[in-house]
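Peer 1: What would the 3D arrangement of this be:
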Amino acid sequence: MIAHQQKKLSTEDLRTFRDRFNIPVSDEDLDSLPFRKPDEAAEEARYLHERRTALGGYLPSRRHTAPALPIPPLEAFASLLEGTGEREISTTMAFVRALTILLKDKNIGRNIVPIVPDEARTFGMEGLFRQIGIYSSVGQLYTPQDAETLMSYREDKKGQMIEEGINEAGSLCSWMAAGTAYSNHGINMVPFYIFYSMFGFQRVGDFIWAAGDMQSRGFLLGATAGAPRSPGRVCSTRTVTASWLRVPCPTASPTIRHSRTSWPSSFMRGCAACTRSSRASSITSP
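Peer 2: Numbers count the residues shown, from 1 in each chain. A predicted model of the protein is given here:
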């Protein structure tokens, strides 16, 4: 009999299980599957009580005691606010420059969490590989293909950027973890989930709803907005799709499409609002 068809354990299986885990149930009582609760003085019971006490009690609770983050003054973004003269830049590039300024800020820099499931180079974010490194719990164990280039892929145990390859679901789960750190750990984090605007939102829509239920705080940013260069993909992945998919999600603030002149100041107002509310801000930047 295979495991999928097995509905219950035989007496012999129960006896093996009992002996393996030292469960105090006699052979006579084994077939009745009695409920066993450790005595209050038992080591197991003491451990469970100690852990619940350390975690703040026996009932789930949401904490709102995380210290507020000091928002950098608008003057810190003077280089963006002054414009680029005759040279036009995309708002995705403007965002990356604003993100770089935030990461370098002495007060808030360590609380910024850039998360990119893929396309980091497409968004112009490869400079962060060297600046802050890509987090890896084991460090870099291989030589990347672009090792001889100036902005090569660099993983580090102390890395700050999260780049999990083509793993949108895992990346957004990292975003949810950072976005709920204010409640779970008493630390305000500002995570940015940066996805390809054409098709990124619909790949993680269910997790975005879950993030709303968890009262996650952070930014969902659809970068590189616009029709794809491949004509065959225009109908199915037109940028407007991500905007419409966001509409039914009640916990995501309205999509923001800023002009080149107003984007930095509006973005910083969004940062301030993000640290005070439990809503996710959704930005689509061409």
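Peer 1: those strands in the stretch 101-250 of the chain, which residues are they?
Peer 2: 112-116, 134-135, 155-156, 162-163, 190-196, 218-223 (DSSP state E, counting those that start in this stretch).
Peer 1: what about the residue nearest in space to the middle of the chain, distance to residue 100?
Peer 2: Residue closest to the average C-alpha location in the chain (C-alpha atoms, centre = their mean): residue 175, at 0.9 Å. In this view, residue 175 and residue 100 are 19 Å apart by C-beta to C-beta, to the nearest Å. C-beta: built from backbone N, CA, C; applies to glycine.
Peer 1: cool, residue 251 as well?
Peer 2: To residue 100, residue 251 is 28 Å away according to C-beta to C-beta.
Peer 1: same thing with residue 193?
Peer 2: 17 Å.
Peer 1: ranking the strands of the stretch 101-250 of the chain by mean pLDDT, which is last?
Peer 2: Ranked on mean pLDDT, the bottom entry among those is strand 218-223, at a mean of 86.
Peer 1: number of nearby residues for residue 78?
Peer 2: By other C-beta atoms under 10 Å, the residues close to residue 78 number 11.
Peer 1: sec struct for it, please.
Peer 2: Following DSSP: H, G, I helix; E, B strand; the rest coil, residue 78 is assigned to helix.
Peer 1: Tell me the spacing between it and residue 119.
Peer 2: From residue 78 to residue 119 the distance is 29 Å (C-beta to C-beta).
Peer 1: which residues does residue 193 form a beta bridge with?
Peer 2: residue 115, residue 220 (DSSP bridges).
Peer 1: Which one of residue 193 and residue 100 is surrounded by more residues?
Peer 2: Neighbour count, other C-beta under 10 Å: between residue 193 and residue 100, residue 193 has more, with 31 against 17.
Peer 1: The stretch 151-286 of the chain: helices as residue ranges?
Peer 2: 168-179, 181-184, 200-203, 205-213, 234-237, 240-246, 263-276 (DSSP state H, counting those that start in this stretch).
Peer 1: for the fifth one, what is the average pLDDT?
Peer 2: Helix 234-237 shows an average pLDDT of 43 in the prediction.
Peer 1: any low-confidence regions in the chain?
Peer 2: 1-3, 225-248, 252-286 (pLDDT under 70).
Peer 1: hmm, 80 instead?
Peer 2: Within the chain, the stretches with pLDDT under 80 are 1-7, 60-61, 63-64, 118-119, 165, 197-202, 224-286.
Peer 1: got a list of what residue 172 touches?
Peer 2: Residue 172 is in contact with 115, 117, 193, 204, 207, 208, 211, counting by C-beta atoms under 8 Å, 6 or more residues apart in numbering.
Peer 1: Can you tell me the closest non-neighbouring residue to residue 126?
Peer 2: Nearest residue to residue 126, sequence neighbours excluded (C-beta to C-beta, 6 or more residues apart in numbering): residue 151, at 4.3 Å.
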